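In: Curious how this folds, go ahead:
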Amino acid sequence: MESYSPVSKWFHWVTVVLMAVALPVGFVIQHVTDKQEGATKMVFYAIHESAGVTLFLVVLARLLWRLSRGAPPLPGSIPAPLRLAANTVHHALYALLLLQPLLGFFATNAWGFPLQGRTAYLGFIELPKFMEANEALAGQLQTLHTIGGWTILVLLVLHVGGVVFHQAIRRDGLLLRMV
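Out: Predicted coordinates for the structure are as follows:
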């Protein structure tokens, strides 16, 4: 069974780490108050937004790498419905992992909080403000961003569930292609 290249594996696991930061922080931001000891909401936003921008850049590079190099084919023993499920989940994850940071970036700009000052990218790279505050648009973008976050979480559960299914039930060694 053909394995993924070391570069593809690196992209995969860096994506996992970035999502392990961006998703939980994004889900808890609404519960963080400035009154909590030693923590401010802006710190959470800075972490979430920097992870999101980095995730966008990594996934974009990952997609370009995959389009230029391809991916190892699934073994012939994988039934057509499982191939379809795997391809659907992978394509949806790629699409949402590119769209989600853009929605978040647009939403923050529409709220009037571009990635500048305390929420600059990585703490020191200010990204340009490209629109004036627009609360109605911000609310719509925020709703889409929230839906996207939950959808990514569902897709991750399906993806990890597929890995567990292949490793524990089918015992076909598919996991070894990415580790």
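In: helices and strands around the host helix or strand of His90, which ones?
Out: His90 belongs to helix 80-111 when elements are defined using DSSP states H and E. Under the contact criterion of 3 or more CB pairs under 8 Å, 6 or more residues apart in numbering; DSSP states H and E, helix 80-111 touches helix 41-69, helix 135-164. Where C-beta positions appear, they are placed from N, C-alpha and C, glycine not excepted.
In: Tell me which of these sits nearest to Arg118.
Out: helix 41-69 (4.8 Å; CB to CB).
In: From the contact counts, what lies against that closest one?
Out: helix 6-28, helix 80-111.
In: Give the buried residues for the shortest one.
Out: For helix 6-28, the buried set under the neighbour-count rule, 16 or more other CB atoms under 10 Å, comprises Ser8, Phe11, Val14, Thr15, Leu18, Met19, Val21, Ala22, Leu23, Val25, Gly26.
In: same deal with the last one?
Out: By neighbour count, and taking 16+ other CB under 10 Å as the criterion, the buried residues in helix 80-111 are 82, 85-86, 89, 92-94, 96-97, 99-101, 103-111.
In: Ok, which of the helices and strands packed on helix 41-69 comes nearest Leu174?
Out: So among these, helix 80-111 is nearest, using CB to CB, at 9.1 Å.
In: Which single one of the buried residues of helix 6-28 is nearest to Arg171?
Out: Distances from Arg171 to those, taken by CB to CB, are shortest for Ser8, at 23.4 Å.
In: okay, and for this structure, where does confidence drop off?
Out: For the chain, applying pLDDT under 70 flags the ranges 35-39.
In: Report the central residue of it.
Out: Leu97 (4.2 Å; CA atoms, centre = their mean).
In: Need the residues that contact stretch 24-35.
Out: Ala39, Thr40, Lys41, Phe44, Tyr45, Ile47, His48, Ala51, Gly52, Gly149 (CB atoms under 8 Å, 6 or more residues apart in numbering).
In: Oh, that last question was meant for stretch 90-98, not what I typed.
Out: 15, 19, 55-56, 59-60, 63, 148, 151-152, 155-156, 159.
In: cool, stretch 170-179 as well?
Out: So stretch 170-179 is contacted by 1-4, 8-9, 12, 72, 74-75, 77-78, 163, 166-167 (CB under 8 Å, 6+ apart).
In: In terms of distance to Ala120, which of those residues ranks first?
Out: Nearest to Ala120 among the contacts of stretch 170-179, with distances taken as CB to CB, is His12, at 28.0 Å.
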